[in-house]
Every structure is written in C-alpha cells, then in structure tokens.
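In: sequence unknown, structure follows:
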C-alpha cells in the first residue's frame, strides 16, 4: 500500500510518500498561517504534488487535539484549523481517504513501526517539550477513547497533597500536581530560574546574569558539560517523569515506553533517573517486558507517522466524505 | 453461543450458564482450599454438572493476577492456584476451550454488558475493597497488556511529594502515594482509627470504645446515619478516588467509569465527592461523554463476567490445550 504522510507544524509543512516501508524525501514548505483557507489550499497542493499513481490514502498530523471522525482541530493555537473538518474537506478535494490526528499520536505510531512494519504491539509515548503530550498504541492501533480526546499523558495527576482529600483545582491547565506541571520543559525552566537565583555563581546563575534569562535549554547544555547542579535538575525532572511512567506501566504493561520531545535531547541524563524512579514504583509482576527508551525518530516522525496512520486506517475504514 | 461462567472466590465457588443473554441460577459450593488438586477437581466437577449440550466455552475468574496465556495465578494468597496452568488443565479435563482471568477484569467485562450484549465500548472499573483493583475494557475487549499484568488501577501514583524528584519507594506495595494506599478500604480503616482516637466522644470514637476497634464499615454505617465526621472521611476517600478517576479519564476518555467493591456500598457518599474532584482535574475537552457510576452488578458479577469472557474469547480464539 502506498500512502501519503503530511506533517502540519507551526512553522513547516512536510509531505512524503511511504511505499514498501520506504519514506520518500519530504517536500517541505513554510506553513501558510494567514487563515484556514490558505492553509487547506497549501496542503491540497502539496499532497497533489507528492501524490503518485498508486497513492491510496492520506494521513495528516496536526499540532492540536483532534476530533478524529471529522478531523477538526479542537483549538487553533498553533495552526488556524480550529473547527475545520479537515478530514472531510481534504477527502473531497483529493478524492482519496484522508485521516487526521494530533501530532503526538502520530509520533507514537511512528515509534511502534520500523520500515513501515508494526514492531511494537503496546507502546506508551511521552513527548516532553513545552508541555507533556503523548500517545497510546494498544493492540497495534492508536487508542483515542470515545471522542478521540484520550491519551492526554501530560494530564495524569502524580503529585497532589491528598491528606485532606483533593486540593481545589487551579483555574487553568496544567493543574498543579499533573505530569505536565511537574515534568515539562516549562517545569524545567522554572527549576532553572530558581537554581540560578539561589546560586548566582553557578553555571545557571552565570547564564542568567549574562543574558537576563535562563531556561531548560541552558540546563541541558550545562548538564552535558558536567555541571552538577544542572545534572541534579534533570534528575528531579527525570524522576518525576519516572513516576508518570510507573503509573503508565502499571496500567498498560506495555512492551515499550518511549520518551521524545525537546527535553529528551538530554538523553540518559533525563532517562536514567526516570528508569530508576519507575522501577521502584512499578508493581511486582508488572512491566517485566517493558523497555523504557528514547524516541527513535527525529524530525521525520511526524510525516512518517502520518503516512502510517493512513496505511492503518485506510486498510480498515471506508472512505468518508 | 452458550458459555459457562465460573467464579472462584476465597470462600465460594459459583458456576452458571449464560445462554441468549440469560444467566442460569448459579451452582454454589464452599471453595475447596486444601490444595490445588482438590480445587481443580471441584471446579471440573461443578462445570460438568452445570454443562449443557450446547456449552461451547468456559470462563473462570480467580482472585489473583493471572498469566492469561496459561491461566496460571501469579500468587496464591486467596486460593491455592499459584503457578497452576488452570486454562490448560481444565481445557484438557473438559474438552472445551477455557479462559482464565482475574476477578476484577471479569467484573469490568460484566459492567460493559447488559443481557449478554456489549453496551459500553470503553470502560474503566475501579474496585474499592481491602485494596483497589480494577479492569479496563477498551474497544469492547479486556485490555491486559503484553504479559496480562496490566490494568493495575490501584497502583497508579497520585499523591507523591515530588518537589525534590521521587521519594525512595517503600519496601512493599501498595506504595505510599498510590491510589490503593490512599483510597482503599484499608486507607478508610486508617482514617477511621485516627478520627476515633482524636474524637472519643464522636460516633467513631464510641464504636472504638465499645468494641476495641473501628473500621471503614463503621464509617459507612455512621455516615449513612448522618454522622458528619464519618461523612467527611468518605469525602476525603472519595476525592482521592476522584483524582485517580481524573487521571483515567484523561488517558482513556471512556464512556463509563464504574466504581465497585465493598466500599462502594457507601454509594453517593463516596461517589459525589469523587465526581466533583474528578471534574476539576479532567482536561477541558476530555471526558465529555464520560459517566461516573456505581457498579450495576452485585455478587453475580463474577460468574456473569466469567461467562462473558468465555463468549468473547471463545468467539475469536482457537482451542489451546
């Protein structure tokens, strides 16, 4: 089966063809963000350009929560697609089955495959970037729940003080105590600021003095240079992530837990503390076959996973238009 | 399809036939617990007794974690079946396909059905008894993970102090901070003792003075009688459960979250605080169709769910012997 994968990012659109397990060189353009019409036109044009005679279905990954049945984004923070039934619109334009899902789901699907073939039946993915996202591949397929809004890995609660019941929730998400509040790049930014202010002579303190700000990127850089304070901040973040991973293993008993996203560039400085914390909190007898690893795919995860989505859904779903 | 359901409890064995959505009057005997051989003999005899000419498969629920492929219990705390490949042994004895799963999974399957028919595609069950167990019905089928050890709902972490990373795990499970440590019947026993000692004049304090002990059962009774202190303890337990439910909704976006087990006899005194806490921690846009409700099935959940397990697995699996 030959399918087309489309990765709609906040800055770039990438389109490529997956055939016999091989992904073609992607066609890449800056994202047209003026409005929905312009962006839909761009997507249709790029897909037509990439399309071969054997193309059977199109998969599209977008940076938003998606109503899977219609392909409509539930918000338009990063791309102007909120409420646009992208699946129906593109199906009609192209005369091909189209499937739309959020980019974290699509990346999880990519991680479960090698050479276009499913290699991991049950996989939990955590994407640690500005926030914490993720995806669930269960029984070889993306799990989305009844409305398509599931797999919100960043919004599991791990660190609440529950001595007197539940604290009143905050006005906005992420909730304090959630994985996203505690283990995201934004949380690492906060740890970096506190450390820099508390220790002006340290590497992070000097970075703050030099540029007026300090972020998670500085932490990862300093930690890779061997700065102990920065290594310790990644330990804190990694252990928090590990607690979230332990909950996921106790629920899903998966073959793999995959950690991706910008903060994962810290590599084992993040992952070793995560593995170690998870090991202590996974119930005896569970997770005996679970491997916790870094994401295998880089920038091409989006377009590859989108093409896999098309192959998976196209093989089992009737055209909807 | 006509199937036989077997519920192996710590005190009773129940066997019944499910045909055309109707469960027969169960055959009930005290569990033979001397050793595995005696219990296996009892099960085989009871199944032969219940078996009709049209019986096509047998489902067995046991109070232990199970390796699904072999039907072997991973522990023998409640029944002497640890390590016995019950699925294979009974398949050989009976000449029928046999499927064995843990009782919480089987109860979840029962809750997803009415009159033998699947009515809920995605369902998360929490069984709040001495511990917290549960089950996951995803896409209409029990989800077990790669080794069959998944769906350990009680071992998700919700209440850890993660300010300096993850606290060192305790020597044994349940881990402090887990749903089971915080929201089980055992946790309620602890809340009851503390309240009774702190307030000897209250209903719980008087119960302690009268009998030398006070438990969750006293709390539920006093709360139903309107005792405010007891109502507040159920609020605490319910809100903690609600935080676990919120995590589950953010992950699974299910149609239903079902709460069963002994503590659920508290009814809305437990469930209303749970619903209220969950509502605050479920991400906007998720769980829009999720209903949180009490379990519908009582004591017959085990035998009914086991018969449904046989119908579900028997329809899609070859006989293994």
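Out: Right, received. Where do you want to start? No experiment lies behind these values; they were computed from the predicted model shown.
In: neighbouring strands for the helix-or-strand element of chain A with minimal mean pLDDT, and are they parallel or not?
Out: Of all helical and strand segments in chain A, the minimum by mean pLDDT, DSSP states H and E falls on strand A:66-67, at a mean of 88. Using DSSP bridges, the strands paired with strand A:66-67 are strand A:72-73 (antiparallel).
In: Please point out which parts of the helix or strand following the strand it pairs with sit buried.
Out: Read in the C-terminal direction, the helix or strand following strand A:72-73 is helix A:86-94, with elements assigned using DSSP states H and E. Of the residues in helix A:86-94, A:86-91, A:93-94 count as buried by neighbour count, 16 or more other C-beta atoms under 10 Å in any protein chain shown. In this view, the C-beta of every residue, glycine as well, is placed from N, C-alpha and C.
In: out of those, who's nearest chain B?
Out: residue A:86 (16.9 Å; C-beta to the nearest C-beta).
In: Isn't that closest one up against residue A:76?
Out: No: between residue A:86 and residue A:76 there is no contact under C-beta atoms under 8 Å: 11.7 Å.
In: ok so residue A:14 is a strand residue?
Out: Yes: assessed with DSSP: H, G, I helix; E, B strand; the rest coil, residue A:14 lies in a strand.
In: what's the distance between it and residue A:301?
Out: If you measure residue A:14 against residue A:301 using C-beta to C-beta, to the nearest Å, the figure is 11 Å.
In: And residue A:253, by the same measure?
Out: According to C-beta to C-beta, residue A:253 stands 24 Å off from residue A:301.
In: So for the two, which residue has more residues nearby?
Out: Taking other C-beta atoms under 10 Å in any protein chain shown, residue A:253 and residue A:301 do not tie; residue A:253 has more neighbours (27 against 24).
In: Leaving out sequence neighbours, find the closest residue to that one.
Out: residue B:145 (2.6 Å; C-beta to C-beta, 6 or more residues apart in numbering or on different chains).
In: With residue A:273 instead?
Out: Spatial nearest neighbour of residue A:273, chain neighbours left out: residue A:238 (3.2 Å); criterion: C-beta to C-beta, 6+ apart.
In: secondary structure class for the one you found?
Out: When the structure is reduced to helix, strand and coil (three-state DSSP), residue A:238 reads as helix.
In: cool, and the one 4 residues further on?
Out: Taken by three-state DSSP, the conformation at residue A:242 corresponds to helix.
In: so what's the residue of the stretch 101-250 of chain A found nearest chain B up against?
Out: When scored by C-beta to the nearest C-beta, the stretch 101-250 of chain A has residue A:145 as its residue closest to chain B, at 2.6 Å. Residue A:145 is in contact with A:151, B:122, B:252-254, B:286, counting by C-beta atoms under 8 Å, 6 or more residues apart in numbering or on different chains.
In: which residue sits closest to residue A:181, ignoring its sequence neighbours?
Out: Counting by C-beta to C-beta, 6+ apart, residue A:181 lies nearest to residue A:174, which is 4.3 Å off, once chain neighbours are set aside.
In: Regarding that neighbour, which helix or strand does it belong to?
Out: When secondary structure is defined by DSSP H and E, residue A:174 falls outside every helix and strand.
In: Does it touch residue A:180 like I think?
Out: Yes: Residue A:174 sits in contact with residue A:180 when judged by C-beta under 8 Å, with a separation of 3.8 Å.
In: joint contacts of the two?
Out: Looking at what touches both residue A:174 and residue A:180 (by C-beta under 8 Å, 6+ apart), the common residues are A:131-132, A:154-155.
In: Most neighbours of all these, which one?
Out: Neighbours were tallied for each of the shared contacts of residue A:174 and residue A:180 (criterion: other C-beta under 10 Å), and the maximum of 30 neighbours falls on residue A:132.
In: per-residue pLDDT, the residue lying closest to that one once chain neighbours are set aside?
Out: With C-beta to C-beta, 6+ apart as the criterion, residue A:132 has its nearest non-adjacent residue at 3.2 Å, and that residue is residue A:154. Taken from the predicted model, the pLDDT recorded for residue A:154 is 96.
In: of the shared contacts of residue A:174 and residue A:180, closest to residue B:258?
Out: residue A:155 (21.2 Å; C-beta to C-beta).
In: ok, now which ones touch that closest one?
Out: For residue A:155, the residues meeting the contact criterion (C-beta under 8 Å, 6+ apart) are A:173-175, A:178-180, B:247, B:250, B:281-283, B:286.
In: for residue A:189, same thing?
Out: Residues in contact with residue A:189 (C-beta under 8 Å, 6+ apart) are A:214-216.
In: hang on, the earlier thing: so what's the residue count around the residue nearest to residue A:181?
Out: The criterion is other C-beta under 10 Å. On that basis, residue A:174 has 19 neighbouring residues.
In: quick one, phi psi at it?
Out: phi -70, psi 140 (degrees, to the nearest 10).
In: who's in contact with it?
Out: Taking C-beta under 8 Å, 6+ apart, one finds A:131-132, A:154-155, A:180-181, A:184 in contact with residue A:174.
In: coming back round to it: the residue nearest to residue A:273 contacts residue A:278, correct?
Out: No: if you go by C-beta under 8 Å, residue A:238 and residue A:278 don't touch, sitting 9.7 Å apart.
In: got a list of what the closest residue to residue A:96 other than its chain neighbours touches?
Out: Residue nearest to residue A:96 in three dimensions, not counting chain neighbours: residue A:58, with 5.4 Å by C-beta to C-beta, 6+ apart. Contacts here follow C-beta under 8 Å, 6+ apart; on that basis residue A:58 touches A:3-6, A:47, A:90, A:94, A:96-99, A:310.
In: Show me what residue A:58 bridges to in the sheet.
Out: residue A:4, residue A:98.
In: pLDDT value on it, please?
Out: The predicted local confidence for residue A:58 is 98.
In: Against residue A:60, how distant is the closest residue to residue A:104 other than its chain neighbours?
Out: If the residues on either side of it in the chain are set aside, residue A:104 comes closest to residue A:133, at 3.8 Å by C-beta to C-beta, 6+ apart. When C-beta to C-beta is applied, the distance between residue A:133 and residue A:60 equals 17 Å.
In: what sits up against stretch A:240-249?
Out: Here stretch A:240-249 makes contact (C-beta under 8 Å, 6+ apart) with A:124, A:126, A:128, A:132, A:153, A:156, A:158-159, A:179, A:182-183, A:187, A:254, A:257, A:259, A:270, A:273-278, A:280-282, A:286-287, A:290, A:292, B:155-157, B:160, B:162, B:165-166, B:247.
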